[in-house]
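Chemist: need the 3D shape of this:
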Amino acid sequence: MPHLMLKDLPRYECLLEGAKKYPELDPSACEAYLNLLRTGDDVVSVVDKSLADHQISSGRFGVLMLLWNTSKRSHECSEGEHKGPRTPAELAEAAGVSRATMTGLIDTLERDDFVRRKPDPHDRRMMSVELTDEGSAFLNRMLPGHFHLIAELMEPLSESERKTLVALLNKILQRSSPKSI
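Modeler: Numbering: from 1, shown residues only. Predicted coordinates:
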């Protein structure tokens with residue numbers, strides 16, 4: 001569901017009028033905020049449609065990407081050393097979802113043979129989650145198109161503009177942490 005339920009954003013002049021009634025309304029801040037939400041919603045919608053074409057949700061895709069990133073790094077690490085999330089609890093933390101939500105995502109990925117749970121070799125009470133060959137093959141088939149879609153979305157911006165965008169978004173991200181406001 002989109003975060004912004006407006007098809008058409010208010011014109012800047014309307015925001016100026018609103019600021020007369022509500023002095024706390026900063027028209028340029030509101031305009032930037034609304035454009036950020038609309039752009040984010042539209043980009044997420046495009047990506048979600050692409051994922052749906054591959055019969056996968058964004059949540060399940062996110063888990064696969066966390067595991068793909070972990071498996072890539074584990075090949076670069078020494079024997080027995082794992083970096084990144086491995087347990088369902090670590091995956092939930094990395095994805096910013098509850099453990100119950102992560103359990104559901106892992107259940108469906110396991111049903112589709114994209115991941116497997118296995119006992120942790122170092123702690124029998126723990127389970128780890130890993131990509132299966134089928135999960136890796138799925139990602140190998142769909143990631144080129146996914147990365148192409150991302151490149152297409154960002155194509156209107158130059159390399160310099162992209163770096164500036166990332167820096168600006170990080171400033172907003174830092175301000176949005178609970179301790180900042």
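
Chemist: and stretch 114-123, end to end?
Modeler: 24 Å (Cα to Cα, to the nearest Å).

Chemist: try stretch 116-126
Modeler: Note: stretch 116-126 ends 14 Å apart using Cα to Cα.

Chemist: just give me how far it sits from the chain centre.
Modeler: Chain-centre distance of stretch 116-126: 27 Å, with Cα atoms, centre = their mean, to the nearest Å.

Chemist: do the same with stretch 3-21
Modeler: 28 Å.

Chemist: and for stretch 96-112?
Modeler: 15 Å.

Chemist: just the terminal-to-terminal distance for stretch 3-21.
Modeler: End-to-end for stretch 3-21, by Cα to Cα: 25 Å.

Chemist: I meant to write stretch 5-17 there.
Modeler: 21 Å.

Chemist: quick one: contacts of it?
Modeler: 18, 25, 27, 30-31, 34-35, 38 (Cβ atoms under 8 Å, 6 or more residues apart in numbering). In this view, the C-beta of every residue, glycine as well, is placed from N, C-alpha and C.

Chemist: according to the record, where do the domains of the chain fall?
Modeler: 1-53, 56-152 (automatic domain parsing).

Chemist: if we can go back for a sec, neighbour count, secondary structure and distance to Lys49 for the contacts of stretch 5-17 - can I get that in a markdown table?
Modeler: Below are the contacts of stretch 5-17 laid out as a markdown table (neighbours: other Cβ atoms under 10 Å; DSSP: H, G, I helix; E, B strand; the rest coil; distance: Cβ to Cβ, whole Å):
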| residue | neighbour count | secondary structure | distance to Lys49 |
| --- | --- | --- | --- |
| Gly18 | 13 | helix | 34 |
| Leu25 | 14 | coil | 34 |
| Pro27 | 16 | helix | 33 |
| Cys30 | 18 | helix | 29 |
| Glu31 | 17 | helix | 27 |
| Leu34 | 15 | helix | 23 |
| Asn35 | 12 | helix | 21 |
| Arg38 | 17 | helix | 17 |
